[in-house]
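Engineer: turn this into a structure:
(one chain, ligands or ions: 1)
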Amino acid sequence: MAYFTHLECASICGAGPFDPRERHFLCPSCGLPLLARYDLTAARAWSRDSLVGREPTMWRYREMMPLLPGDVPVSLGEGFTPLRHAERLGQSLGLSRLFIKDESLNPTTSFKARGQSAAITRAKALGATTIALPTAGNAGNAAAAFAAAAGLACQVFMPRDAKQPFIDECRLYGATVTLVDGLITDAGRAAAEAGRGLGWYDVSTLKEPYRVEGKKTMGYELAEQLEWTLPDWIIYPTGGGTGLVGMWKAFAEMEAIGWITPGRRPKMVSVQASGCAPIVRAFETGAEKAAPWENAHTSADGLRVPKAIGDFLILQAVRESGGTALAIDDSEMVRDMLEIGRLEGISAAPEGGASLSAIRALVNDGRIGANDTVVLFNTGGALKYLDVLKDPSMTETSAIERSGD
Ligand SMILES: *Cc1c(COP(=O)(O)O)cnc(C)c1O
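Structural biologist: The predicted structure is shown next:
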């Protein structure tokens, strides 16, 4: 039994329902993202106990995933990543219950696998033969891998200055890579032009409605792994915000179907880079939407998103949760990426390092308490970012000196 029924505009426009047996991208009325909706009343019949013994992937929650009768997920084993009690790192910060959700263990080493598994499952079900996207890194690697697994062609458009391992990995999975002068926005324009009239299925962040559905499974997993409770804090490095928006949606769904107690949601912390912090700026000024960030720069490629199309959804979730938004300097996130490696043996991208830097700041301010349950999202692995370690300005102060242990 699957409870997926329709799509609906996520903004106050509320347009819909839209039929999921047809292709839909942004809302035809207002141009903002659409979201998948489920029959939550019928889904109250779905018991948590049914999860016991299911495959350890994100598709264990398939009843609440965007599947229609007869659809088969395109899967490479994504999701159900470990939630590790980070005892040594916690001790160094004075925290007894610090956990790392280690998304580096996904196929193609980032949580982008979740979103692309869901999006490409739908693309295939809808009869697409080519998927396309602009990307600076992990999203393109995941798209290329899942397209290969689905037997679809993949067209990736990347800024020419993207890190070489991201370019190489797209090619490894047989994708066609086009390098574009300029930023990811320029790559997006190039993709739209090249694909005009060719029927390419666009899997860009939040431009299609299903990547959020893949990423929301992180919320289901946290609840399952914490025995149907939620943590006090979720620390999430935010670019396009699909994961943060997705988890917030998952909490609402789980409350509606009776899996978790309403009113006990975590404080959501959106972490960005000082060189690209549109959400932080909007949070601080009380704005509902985020103005585009000029001259965006950071070596955390997943955070270099100057304008997120779902900005209003990110800001809503952070505010409703009583959380906050923080910007971190690149040098600090790189030092903390090394700290996660040194104390926990976990391979962390700079984005994961940024989550640790944010926790450090919130502990120092007295906002995070010693016995709070804190979940640090390590959204990707380190290996594709190792060029950052060659830059001496990034690693000047050694992690060992800083922690004094
Ligand atoms: C894409 C990406 C992010 C940002 O994810 P969103 O859900 O789009 O905000 C963070 N970290 C890494 C490693 C990424 O690849």
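
Engineer: just the pLDDT at G404, thanks.
Structural biologist: As predicted, G404 sits at a pLDDT of 38.

Engineer: what of S393?
Structural biologist: 74.

Engineer: and it, what element?
Structural biologist: Using DSSP states H and E, S393 maps to helix 392-395.

Engineer: where does the nearest residue to W233 once chain neighbours are set aside land in three-state SS?
Structural biologist: Closest residue to W233 apart from its sequence neighbours, by C-beta to C-beta, 6 or more residues apart in numbering: V374 at 4.5 Å. C-beta here means a position set from N, CA and C on the backbone, and glycine is covered the same way. Under DSSP: H, G, I helix; E, B strand; the rest coil, V374 falls in the strand class.

Engineer: for V374, what are its contacts?
Structural biologist: 95, 97-99, 231-233, 235, 359, 368 (C-beta atoms under 8 Å, 6 or more residues apart in numbering).

Engineer: out of the residues you listed, which are inside helices?
Structural biologist: With helices taken from DSSP state H, the overlap with these comprises I359.

Engineer: R48: which of the contacts of V374 is nearest?
Structural biologist: P231 (18.0 Å; C-beta to C-beta).

Engineer: doesn't Q225 make contact with the closest one?
Structural biologist: No. Contact criterion C-beta atoms under 8 Å: P231 and Q225 do not qualify, at 10.0 Å.

Engineer: tell me which of the two has more neighbours.
Structural biologist: Using other C-beta atoms under 10 Å, the more surrounded residue of P231 and Q225 is P231, with 21 against 16.

Engineer: report pLDDT for the closest residue to I260 other than its chain neighbours.
Structural biologist: Of all residues not flanking I260 in the chain, M254 sits nearest, at 4.6 Å (C-beta to C-beta, 6+ apart). The per-residue pLDDT reported for M254 equals 98.

Engineer: check whether the helix or strand where M254 lies contacts the ligand.
Structural biologist: Per DSSP H and E, M254 falls inside helix 242-256. Yes. Between helix 242-256 and the ligand, judged by C-beta under 6 Å from any ligand atom, the touching residues are 242-243.

Engineer: I'd like the next helix or strand past that helix.
Structural biologist: With DSSP H and E, the next secondary element past helix 242-256 is strand 267-273.

Engineer: how close does A256 sit to the ligand?
Structural biologist: For A256, the distance to the ligand equals 23 Å [C-beta to the nearest ligand atom, to the nearest Å].

Engineer: nope, H85 is what I was after
Structural biologist: Counting by C-beta to the nearest ligand atom, the gap from H85 to the ligand is 22 Å.

Engineer: state the number of residues packed around the residue in the stretch 301-405 of the chain positioned nearest to the ligand.
Structural biologist: Nearest residue of the stretch 301-405 of the chain to the ligand, counting by C-beta to the nearest ligand atom: G302, 2.5 Å away. G302 is flanked by 27 other residues according to other C-beta under 10 Å.

Engineer: so what's it up against?
Structural biologist: 110, 136-138, 237, 239, 349, 351, 379-380.

Engineer: what about it, which SS state?
Structural biologist: Criterion first, three-state DSSP; result for G302: helix.

Engineer: which non-adjacent residue is nearest L98?
Structural biologist: Per C-beta to C-beta, 6+ apart, closest to L98 is G90, 3.6 Å.

Engineer: could I get the phi/psi values of the one you found?
Structural biologist: With angles defined as degrees, to the nearest 10, G90 sits at phi -60, psi -50.

Engineer: A86 now?
Structural biologist: The phi/psi pair for A86 (degrees, to the nearest 10) is phi -90, psi 80.

Engineer: what's the answer for R44, then?
Structural biologist: Dihedral angles (degrees, to the nearest 10) for R44: phi -60, psi -20.

Engineer: these two touch, right, it and I257?
Structural biologist: Yes. Shown here, R44 and I257 form a contact pair, counting by C-beta under 8 Å, at 5.2 Å.

Engineer: and the residue nearest to V72 when sequence neighbours are not counted, how many neighbours?
Structural biologist: Among residues not flanking V72 along the chain, T121 sits closest, at 7.8 Å (C-beta to C-beta, 6+ apart). Residues near T121, counting by other C-beta under 10 Å, number 24.

Engineer: am I right that T121 is in contact with E78?
Structural biologist: No. Look at T121 against E78 with C-beta under 8 Å: they stay out of range, at 10.9 Å.

Engineer: where does the protein come near the ligand, residue by residue?
Structural biologist: Near the ligand, when you scan the chain using C-beta under 6 Å from any ligand atom, you find 110, 112, 138-139, 205, 237-243, 302, 349, 351, 379-380.

Engineer: out of those, which are inside helices?
Structural biologist: 112, 138-139, 242-243, 351.

Engineer: what's the closest of the residues you listed to D311?
Structural biologist: Nearest to D311 among those, with distances taken as C-beta to C-beta, is T242, at 12.0 Å.

Engineer: distance of the closest one from A118?
Structural biologist: Going from T242 to A118 by C-beta to C-beta, to the nearest Å gives 10 Å.

Engineer: need the overlap of contacts for the two.
Structural biologist: R211.

Engineer: what number of residues lie near K390?
Structural biologist: The number of residues near K390, taken as other C-beta under 10 Å, comes to 8.

Engineer: now do the contacts for it.
Structural biologist: Taking C-beta under 8 Å, 6+ apart, one finds nothing in contact with K390.

Engineer: okay, I279: pLDDT?
Structural biologist: At I279, pLDDT is 98.
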